[in-house]
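Engineer: Prediction below, plus the sequence it came from.
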Amino acid sequence: MVLRVENLTKRYSETTALSEVSFEIPDGTFAVVLGESGAGKSTLLRILNGLTEPTSGGVYIDDEEITNSRSDVGMVFQQHNLVEELSAYSNALTGTLNRTGFFRSLLSRQPAEEKELALEALETVGLLDEAGQTVRSMSGGQQQRVGIARALVQQPELLLADEPVASLDPSSAETVMAYLRETAKTRDLTTLASLHQVNIAREFGEQFIGLKQGRVVFTGSREELTTDVLEEIYGHIETEELREEPDPEAVIDTAPEETPGIGAKP
Ligand SMILES: Nc1ncnc2c1ncn2[C@@H]1O[C@H](COP(=O)(O)OP(=O)(O)OP(=O)(O)O)[C@@H](O)[C@H]1O
């Protein structure tokens, strides 16, 4: 699906979190929104997910304006909001709650089709063998992959991820991002992730939206995301270390080691 954002503005009394934000993400594209803390990334994603009302402007999915939370928009959170005492499988199943209701989803009374969806989603994120493990016993990276599986069970057409790897160590962050991108590509999901780690963003993103103080200061491809552009988005100090980073093209082949599940059915 094509995501189009038009002149989105969000004011919180004194603060203008977003100001006349417009961009379009083509069907099946893995896009990343960049910006320093307070730039408006979370506000943007929350509006796209229907969790926050914009002050003005509109969000369109395939030219249809969206006004409320939609079940075909999946969301992966930084704090994944999983039920730690439950298994990965049960948590993935709660992704069906938009369709079957929360208690029914916990009481295992879903149709076989939904159980199948949960297993397929866990397979996609490489956790089929761990389906019965409690989330509490899993690593942070595995927990976030359960969070992705839960979003996939919703069978979204648009996937949003708000700082999905912010609390992970660099190696787990790479693995989770590789699963996220591979999942999006395999399922032809239009995806928008907010990331504050510029190197990870450059490695995995196809299209970029740079926010600064609630305004779009850049939209473009990886090739167009130059050091000068990053300096405009972040300021001089934070981009200094990027000059020593390897060519992002050189690290694009970052498929996770254990990816038998990648290639799940749409
Ligand atoms: N519920 C709210 N009430 C008042 N102000 C808010 C609210 N939510 C966000 N803001 C303000 O809006 C601005 C944008 O915040 P937002 O959380 O969207 O930024 P962000 O880019 O996601 O930052 P971070 O990376 O730190 O999460 C900030 O100035 C923030 O203080």
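Structural biologist: Right, received. Where do you want to start?

Engineer: Flag every residue of the stretch 101-250 of the chain that's near the ligand.
Structural biologist: By Cβ under 6 Å from any ligand atom, the residues of the stretch 101-250 of the chain that approach the ligand are H196. For glycine as for every other residue, the C-beta is placed from the backbone atoms N, C-alpha and C.

Engineer: in the stretch 101-250 of the chain, what residue is nearest the ligand?
Structural biologist: H196 (5.8 Å; Cβ to the nearest ligand atom).

Engineer: residues in contact with that residue?
Structural biologist: 34-37, 163, 166 (Cβ atoms under 8 Å, 6 or more residues apart in numbering).

Engineer: where exactly do the helices run in the stretch 101-250 of the chain?
Structural biologist: 102-106, 112-124, 140-153, 170-186, 198-204, 227-234, 236-239 (DSSP state H, counting those that start in this stretch).

Engineer: can you list those in CSV and add mean pLDDT and mean neighbour count?
Structural biologist: Shown next, in CSV, are those (pLDDT from 0 to 100; neighbours: other Cβ atoms under 10 Å):
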stretch, mean pLDDT, mean neighbour count
helix 102-106, 53, 15
helix 112-124, 90, 19
helix 140-153, 94, 26
helix 170-186, 93, 20
helix 198-204, 93, 21
helix 227-234, 92, 16
helix 236-239, 54, 12
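
Engineer: Just put these in JSON lines and tack on distance to E24.
Structural biologist: JSON lines is the format used below for the helices of the stretch 101-250 of the chain (distance: least, Cβ to Cβ, whole Å):
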{"stretch": "helix 102-106", "distance to E24": "34"}
{"stretch": "helix 112-124", "distance to E24": "27"}
{"stretch": "helix 140-153", "distance to E24": "22"}
{"stretch": "helix 170-186", "distance to E24": "17"}
{"stretch": "helix 198-204", "distance to E24": "19"}
{"stretch": "helix 227-234", "distance to E24": "19"}
{"stretch": "helix 236-239", "distance to E24": "26"}
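
Engineer: Could you work out which of these reaches nearest to V59?
Structural biologist: Between V59 and the helices of the stretch 101-250 of the chain, the shortest separation by Cβ to Cβ is 18.2 Å, and it involves helix 140-153.

Engineer: Which SSE is immediately downstream of the helix or strand hosting G58?
Structural biologist: Here G58, judged by DSSP states H and E, is contained in strand 56-61. Towards the C-terminus, the helix or strand next in line after strand 56-61, according to DSSP H and E, is strand 64-65.

Engineer: Now do the contacts for the spatially most central residue of the chain.
Structural biologist: Nearest to the mean C-alpha position of the chain, by Cα atoms, centre = their mean, lies A161 at 1.9 Å. A161 makes contacts with 75-76, 148, 180, 191-194, as judged by Cβ under 8 Å, 6+ apart.

Engineer: cool, V229 as well?
Structural biologist: V229 makes contact with 210, 218, 220 under the criterion Cβ under 8 Å, 6+ apart.

Engineer: Please tell me how far it sits from G220.
Structural biologist: Distance, V229 to G220, using Cβ to Cβ, to the nearest Å: 8 Å.

Engineer: what's the answer for S194, then?
Structural biologist: Look at S194 and G220: by Cβ to Cβ, they are 17 Å apart.
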